[in-house]
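> Pasted the sequence and its predicted model underneath.
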Amino acid sequence: MEVINEITVIELNGDLDSNTANTVQDQILAEAHPNSKILLDMSNVHYMSSAGLRLLLLLYRRIREQVGQIAIVGVTDEVKDIMSITGFLDFFSIFDDRNSGMNALK
């Protein structure tokens, strides 16, 4: 995790499933402050279970409550399919790379 130009960049690695989601959730939700800007880099996430979807939903709600912004970058086709089927693509701004996501959050 790093902060670049007031944007918190969080890089996720590995699977987002019931074994990892709670740990990741605690770390990510702690960064959702009032007016926060979070860039979630999911380039290295190749699988996401319902626990991972739950994490994204909690993050979306927390950011919305805090009047913040979130952008997700680097979503693999497999994860994008899961997000599409469940309607999660409607909640998030998805970008291909970090630069695009950072520009959207500025």
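All right, it came through fine.
> For the residue most central in space within the chain, give me its contacts.
Nearest residue to the geometric centre of the chain (CA atoms, centre = their mean): Leu40, 4.0 Å. By CB atoms under 8 Å, 6 or more residues apart in numbering, the contact set of Leu40 is Ile10, Leu12, Ile28, Leu59, Ile70, Ala71, Ile72, Val73. Yep, even glycine has a C-beta here, placed from its N, CA and C like the rest.
> Next: Ala30.
If a contact means CB under 8 Å, 6+ apart, then Ala30 has no contacts.
> Quick check: phi and psi at it.
When read as degrees, to the nearest 10, the backbone of Ala30 gives phi -70, psi -20.
> need the helices for the chain, in chain order.
Assigned by DSSP state H, the chain shows helices spanning 21-29, 50-65, 77-85, 98-105.
> List the buried residues in the shortest one.
Buried positions in helix 98-105, judged by neighbour count with 16 or more other CB atoms under 10 Å: Arg98, Gly101, Met102, Leu105.
> again, but for the third one
Applying a neighbour-count criterion of 16+ other CB under 10 Å, the buried positions in helix 77-85 are Val79, Lys80, Ile82, Met83.
> Which one of the helices of the chain has the poorest average confidence?
Among these, helix 21-29 has the lowest mean pLDDT, at a mean of 90.
> ok so, going back, mind telling me the two of the buried residues of helix 77-85 farthest from one another?
Across those, the longest distance by CB to CB is 7.4 Å; it joins Lys80 and Ile82.
> ok, Gly101 to Phe95 distance?
Gly101 sits 4 Å away from Phe95, taking CB to CB, to the nearest Å as the criterion.
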